[in-house]
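1. below: sequence and its predicted model.
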Amino acid sequence: MMGVLAGLTLLAAASQASTLSDVRSKNYLDCGVSTGIPGFSNPDAEGRWSGLDVDVCRAVAAAVLGDASKVRYTPLPPSDRFNALSSGEVDMLSRNTTWTHARDTTLGMIFAGIVFYDGQGFMVTQSSGITGLPELDGAAICIQGGTTSELNVADYFRETGMNYQPVVFATSDQTLRGFEAGRCNVLTSDLSQLYAQRTRLKNPQAVTILSEVISKEPLGPAVRQDDMQWYNIVKWTVYAMVNAEEYGVNQSNVDAMRESPKPVIQRMLGVNADTGRAMGLSADWAYQIIRQVGNYGEVFERNVGVSSPLGFERGLNQLWNKGGLLYAPPLR
Ligand SMILES: N[C@@H](CCC(=O)N[C@@H](CS)C(=O)NCC(=O)O)C(=O)O
């Protein structure tokens, strides 16, 4: 009897998903990204991906495989992204995806953190003369289907009693081309994506991004619900990047910081503690993230910050002790 029970327990354990061992045996991470949003996940002419969401994939690969370059990127339009995750086609999603209740509870997936606090905004042609939300009444609005943007705009116009004409496209490229071709005077999406799309316009001077937002769009990576170990790995990868910024550890000083007398830094860098073992990782997992990819602030500035083409201020995406919302639980 005992033997049977023990056998069953083993079977149950064996049938549990282990994304970590899959990723280790493939020796690369499959990361689901967008089809192309500059600053977030975007391929160059040689097919090399970069962006804030891409750096989250790279950070997970650094933590798990010790090598940030061991990532395969799968470009996913909004309508395919959740199936790609639940079917196992990708190991994680890191793709300007908003954390919502329905996505967290009905799709077999779970969000592992927030890497960009965003909100839905509107980009308008200057020739439309629109300067604020009340003037959107009656407008034709270009939107990408399968997004929270499509749902929020419907809520907003119902709530305000205004009218609009949705012009819905499947890909971001089509949405932008539709806007450029005059199918609509207004394009709505997350502000991050509007700033990104504006850099791709032939004449960026001819548009304005309105300052108001109509929603909360917390963007972050997501994993499948059936693998708590993997969930912890992705979640703590994001937290390690935020904690590293808070403790002043960055790509250029991380080696010197191994000599820091501060216990919190020693622990984070695996100098005299092993915070990796309980997640199935090596003791230097966070060191590898910081050395190869950087802390959150470095990743933000490089990809979307004020001196990047997108030009975002930190705003809500600043650390909690500098007036923003980024607050990572302690690494201990
Ligand atoms: N954050 C929103 C919108 C995300 C989204 O997919 N936005 C479009 C607007 S530009 C996009 O990224 N498209 C890129 C693509 O189709 O690959 C969501 O999670 O639904």
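-> Arrived safely, thanks for sending.
2. before we go further, Val271 is sitting in a helix, right?
-> No: counting by DSSP: H, G, I helix; E, B strand; the rest coil, Val271 falls outside a helix, being coil.
3. secondary structure element for Gln193?
-> Assessed by DSSP states H and E, Gln193 sits inside helix 191-198.
4. list the buried residues of that helix.
-> For helix 191-198, the neighbour count (16 or more other CB atoms under 10 Å) marks Leu191, Ser192, Gln193, Leu194, Tyr195, Ala196, Gln197, Arg198 as buried. Yep, even glycine has a C-beta here, placed from its N, CA and C like the rest.
5. how about the helix or strand following that helix: buried residues?
-> Per DSSP H and E, helix 191-198 leads on to strand 207-209 as the next helix or strand towards the C-terminus. Buried residues in strand 207-209, counted by 16+ other CB under 10 Å: Val207.
6. what's near enough to touch the residue sitting nearest the centre point of the chain?
-> With distances taken as CA atoms, centre = their mean, Gly220 lies nearest the centre of the chain, 3.8 Å away. Neighbour list for Gly220: Thr97, Trp99, Phe111, Ala112, Gly113, Ile114, Val115, Phe116, Val238 [criterion: CB atoms under 8 Å, 6 or more residues apart in numbering].
7. before we move on, which element is Tyr73 in?
-> Applying DSSP H and E as the criterion places Tyr73 in strand 71-75.
8. need the contacts of Gly220 in CSV (columns: secondary structure).
-> Shown next, in CSV, are those (three-state DSSP):
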residue, secondary structure
Thr97, coil
Trp99, coil
Phe111, strand
Ala112, coil
Gly113, coil
Ile114, coil
Val115, coil
Phe116, strand
Val238, helix
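9. closest one to the ligand out of those residues, please.
-> Thr97 (4.2 Å; CB to the nearest ligand atom).
10. tell me what the residue nearest to Leu194 when sequence neighbours are not counted is bridged to.
-> Spatial nearest neighbour of Leu194, excluding adjacent residues (CB to CB, 6 or more residues apart in numbering): Met123 at 4.7 Å. Note on Met123: beta-bridge partners Leu187, Ile209, judged by DSSP bridges.
11. my read is that Met123 contacts Cys184, right?
-> No: Met123 lies out of contact with Cys184 (CB atoms under 8 Å); the separation is 10.1 Å.
12. contacting residues around the residue of the stretch 201-332 of the chain at minimum distance from the ligand?
-> For the stretch 201-332 of the chain and the ligand, the shortest gap (CB to the nearest ligand atom) falls at Glu217, measuring 5.1 Å. Glu217 makes contact with Thr98, Tyr117, Asp118, Gly119, Gln120, Thr148, Asp190, Leu191, according to CB under 8 Å, 6+ apart.
13. I'd like to know how far it sits from Leu93.
-> Using CB to CB, to the nearest Å, we find Glu217 at a distance of 15 Å from Leu93.
14. and stretch 169-183 with the ligand, contact?
-> Yes: against the ligand, stretch 169-183 shows contacts by CB under 6 Å from any ligand atom at Thr171, Ser172.
15. and for stretch 140-153?
-> Yes: Stretch 140-153 reaches the ligand (CB under 6 Å from any ligand atom) through Gln144, Thr147, Thr148, Ser149.
16. biggest separation within the residues you listed, which pair?
-> Gln144 and Thr148 (10.3 Å; CB to CB).
17. which one's more surrounded, these two?
-> Of the pair Gln144 and Thr148, Gln144 is the one with more neighbours under other CB atoms under 10 Å, namely 24 against 21.
18. how about the contacts made by the more buried one?
-> Pro78, Glu150, Val168, Phe169, Ala170, Thr171, Ser172, Thr175, Ser189.
19. now do the helix holding Gln193: everything it contacts.
-> Residues outside helix 191-198 that contact it (CB under 8 Å, 6+ apart): 37-40, 42, 96, 116, 118-123, 172, 175-176, 187, 189, 204, 207, 209, 213, 217, 219, 304, 310-312.
20. distance from it to the middle of the chain?
-> For helix 191-198, the separation from the chain centroid amounts to 14 Å (computed by CA atoms, centre = their mean, to the nearest Å).
21. and for stretch 208-223?
-> Distance, stretch centre to chain centre, for stretch 208-223: 12 Å (CA atoms, centre = their mean).
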